[in-house]
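[1] I would like the atomic coordinates for the input below:
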Amino acid sequence: MRQKLHPIAGGAALLIISLFWISTAVSELSGSGALIRAVKMAVPWGFLLLVPALLLTGASGAALAKGRQGKLISAKQKRMPVIAANGVLVLVPAALFLAARAEAGKIDTVFYAVQALELVAGAVNIWLLTLNMRDGLKMTARRRQARKERASPSC
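    Sure thing, here's the model as predicted:
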């Protein structure tokens with residue numbers, strides 16, 4: 001079950017974060033205050049999907065990695081605290097701050113400074129999560145290959 005849950009939850013988390021980032025970029029490029037406000041107001045509601053996806057990803061990943069070693073597992077484990085800290089210390093507070101500013105109609109220099117920080121931090125998390133996904137796919141391919149080699153008789 002964990003082997004199926006982990007990639008589904010991780011993929012969902014990466015998709016949601018990417019949608020936040022793309023929606024923000026598109027709204028900013030449109031120049032429409034109404035669209036910017038709508039996106040900034042929607043992002044915190046997206047946390048209702050994102051937080052469980054991230055929790056499931058972390059818990060299932062830790063369970064899958066328990067007792068295992070290797071460069072790919074180590075790399076994924078080193079990235080996770082950076083991803084979590086970036087989310088908790090930068091992305092969530094920025095999203096809540098920007099939603100409050102947008103709701104109040106204060107789309108000003110402070111808003112755009114925090115927005116720039118959020119876009120950079122979001123891009124970092126997308127990159128790190130993509131690296132984790134890549135490494136997870138490599139590990140899955142290696143496990144499949146090893147199973148295949150054990151199942152086929154040698155000549």
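[2] Strands of the chain, start to end?
    Counting by DSSP state E, the chain has no strands to list.
[3] in it, what secondary structure element scores lowest on mean pLDDT?
    helix 109-151 (a mean of 90; mean pLDDT, DSSP states H and E).
[4] For the chain, just list every one of the helices.
    With DSSP state H, the ranges of helices along the chain come out as 2-30, 33-65, 71-86, 92-103, 109-151.
[5] Adding mean neighbour count as columns, could you present these in TSV?
    Glycine gets a C-beta too; all of them are placed from N, C-alpha and C. Shown next, in TSV, are the helices of the chain (neighbours: other CB atoms under 10 Å):
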stretch	mean neighbour count
helix 2-30	17
helix 33-65	17
helix 71-86	15
helix 92-103	18
helix 109-151	14
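[6] returning to what we had before: between the least confident helix or strand of the chain and helix 92-103, how many degrees?
    Taking axes from the mean of the first three to the mean of the last three CA atoms, to 10 degrees, helix 109-151 and helix 92-103 form an angle of 140 degrees between their directions.
[7] ok now helix 109-151, how far from the chain's centre?
    7 Å (CA atoms, centre = their mean, to the nearest Å).
[8] Let me know the angle separating that helix from helix 33-65.
    Using the same axes, to 10 degrees: helix 109-151 against helix 33-65 is 30 degrees.
[9] just checking, what packs against helix 109-151?
    Judged by 3 or more CB pairs under 8 Å, 6 or more residues apart in numbering; DSSP states H and E, helix 109-151 is in contact with helix 2-30, helix 71-86, helix 92-103.
[10] can you give me the angle the first one makes with helix 92-103?
    Meaning helix 2-30. Going by the same axes, to 10 degrees, helix 2-30 makes 40 degrees with helix 92-103.
[11] Okay, now the unreliable bits of this protein?
    2, 153-155 (pLDDT under 70).
[12] what do you get if the cut-off is 80, keeping everything else the same?
    1-2, 141-155 (pLDDT under 80).
[13] How about residue 60, nearest residue that isn't a chain neighbour?
    In this structure, residue 60 finds its nearest non-sequential neighbour in residue 6, 4.0 Å apart by CB to CB, 6 or more residues apart in numbering.
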